[in-house]
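Enquirer: One predicted model, sequence on top.
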Amino acid sequence: MEQEAEKLRKKTEWKNETVTARVTSEEKEKIRKQAEKEKKSASQYMVDAALAGMERRSSKDKKRVWILINNQNILNDIFTILRDETVSEELYGKITELAEEENKLWQCL
Amino acid sequence: MAMLITMNKGKYTNKDAVENVIRYITRTRAMEDRADEQIAWGGWGIGIYQTPELVIEQFCGLQKNHRIEKRGSRIFHEVLGITEKEFGRLGHDYNRVYQVAVNCAQYYFAMGHQVVFAIHNAKDGCLERNKGLHIHFVVNTINFATGNKWHSNLRENWQRDRFFNDIMRRFMDPDPLESELPF
């Protein structure tokens, strides 16, 4: 009875499409070992990893953007303070360098 | 009472929209001849310690990340016009006007949108729709926290107008006429 229910469940999740990927022998071995660890077939492991990666990337992106925006506001405050206070040239240089490196991160979006 | 006007003449959907409008309000266009109208500029969620090029890059970077090409307008543009009387009650002090602009711009940022503002004092006889003292707000339509688009209806626009006027009143000197009233 349970086996029949399982068969019926599998029938309703038709997997009609195929995705093919060419890999090196090392990559294939890595995938096989990881799939074995998780008690999955290699193809199921690859599908699960790809879908999980997509979700993680999008939520990581949002976090990354939020941190970038927050850092901009902090840098704005720092430069506002620097306008009124005298600091050493070295310190000003380092802060400017930090701001420039921060700006580069925007190009990585 | 200051008036908050939405600039809806242009749709701001083309890829140059962000650069064109930010350069317009920061008076950094190629053949700029009205640079003297600008008093100051600033913003939230963007770097204001460098040139407007950085702001343009940061607006566009966020929009590219959320695939803006098929999502309509790239920016939302509003102008807060301040009357001569109100400027008088602000003590003719541009620092106070700047504080008004910072606090108003924070409204858009709190809703999750990068914003750049610029304070202009247009010359007499200027053809620009907003003569005299006014503050431009240019808002990135993409929400940096959710990726959703900016949306605002008439009611929200009206509420925002009132909120900005309340902010301005906080920085104003009391009205001498009002203080003479017995009640």
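Expert: Looks like it arrived, so ask away.

Enquirer: Point out the residues in chain B that sit beside chain A.
Expert: Near chain A, the residues belonging to chain B are B:44-50, B:54, B:57-58, B:61-62, B:64-65, B:114, B:144-147 when assessed by Cβ under 8 Å from any Cβ of the partner chain. Bear in mind the C-beta positions are built from the backbone N, C-alpha and C, glycine included.

Enquirer: which among the residues you listed end up buried?
Expert: For those, a neighbour count by 16 or more other Cβ atoms under 10 Å in any protein chain shown gives the buried set as B:44-50, B:54, B:57-58, B:61-62, B:65, B:114, B:144, B:147.

Enquirer: Where strands are concerned, which of these count?
Expert: Taking DSSP state E as the definition of strands, these contribute B:44, B:114.

Enquirer: What is the lowest-pLDDT residue among the buried ones among the residues of chain B next to chain A?
Expert: pLDDT across these is lowest for residue B:65, at 79.

Enquirer: my read: it touches residue A:65, true?
Expert: Yes. Counting by Cβ atoms under 8 Å, residue A:65 is a contact partner of residue B:65 at 6.7 Å.

Enquirer: circling back: from the buried ones among the residues of chain B next to chain A, which ones fall inside helices?
Expert: Judged by DSSP state H, those include B:54, B:57-58, B:61-62, B:65 as members of helices.

Enquirer: So which residues of chain A form helices?
Expert: A:2-12, A:25-37, A:42-84, A:89-107.

Enquirer: At the contact with chain B, which residues of chain A appear?
Expert: Selection of chain A residues close to chain B by Cβ under 8 Å from any Cβ yields A:61-62, A:65-66, A:69, A:72-73, A:75-76, A:79, A:99, A:102-103, A:106-107, A:109.

Enquirer: For chain A, which residue gets nearest to chain B?
Expert: residue A:79 (3.8 Å; Cβ to the nearest Cβ).

Enquirer: So for that residue, what's the nearest residue that isn't a sequence neighbour?
Expert: Distances taken as Cβ to Cβ, 6 or more residues apart in numbering or on different chains put residue B:49 closest to residue A:79, at 3.8 Å, once the chain neighbours are dropped.

Enquirer: what about that neighbour, distance to residue B:17?
Expert: Residue B:49 is 24 Å from residue B:17, where distance means Cβ to Cβ, to the nearest Å.

Enquirer: How about residue B:79?
Expert: Distance, residue B:79 to residue B:17, by Cβ to Cβ: 16 Å.

Enquirer: Kindly state the beta-bridge partners for the residue nearest the centre of chain B.
Expert: Note on chain B: the residue nearest the mean C-alpha position is residue B:137, at 1.6 Å, using Cα atoms, centre = their mean. With DSSP bridges as the criterion, residue B:137 is bridged to residue B:78, residue B:117.

Enquirer: looking at it, it is touching residue B:106, isn't it?
Expert: No. Counting by Cβ under 8 Å, residue B:106 is not a contact partner of residue B:137; they are 10.8 Å apart.

Enquirer: Now do the same contact list for the closest residue in space to residue B:71 that isn't next to it in sequence.
Expert: What sits nearest to residue B:71 in space, not counting adjacent residues and going by Cβ to Cβ, 6+ apart, is residue B:149, at 6.2 Å. Contact analysis of residue B:149 by Cβ atoms under 8 Å, 6 or more residues apart in numbering or on different chains lists B:71-72, B:141-143.

Enquirer: roughly how far apart are residue B:149 and residue B:49?
Expert: For residue B:149, the distance to residue B:49 - Cβ to Cβ - is 28 Å.

Enquirer: If you count neighbours, what's buried in stretch A:31-38?
Expert: Of all the residues in stretch A:31-38, those buried under the rule 16+ other Cβ under 10 Å are A:31, A:35.

Enquirer: who's in contact with it?
Expert: A:23, A:41-42, A:44-46.

Enquirer: cool, and stretch B:21-36?
Expert: By Cβ under 8 Å, 6+ apart, stretch B:21-36 touches B:12, B:37-38, B:41, B:51-52, B:55-56, B:59, B:75, B:77, B:116-118, B:120, B:136, B:138.

Enquirer: List only those of those residues flagged as buried.
Expert: Taking 16+ other Cβ under 10 Å as the criterion, what is buried in the contacts of stretch B:21-36 is B:12, B:37-38, B:41, B:52, B:55-56, B:59, B:75, B:77, B:116-118, B:120, B:136, B:138.
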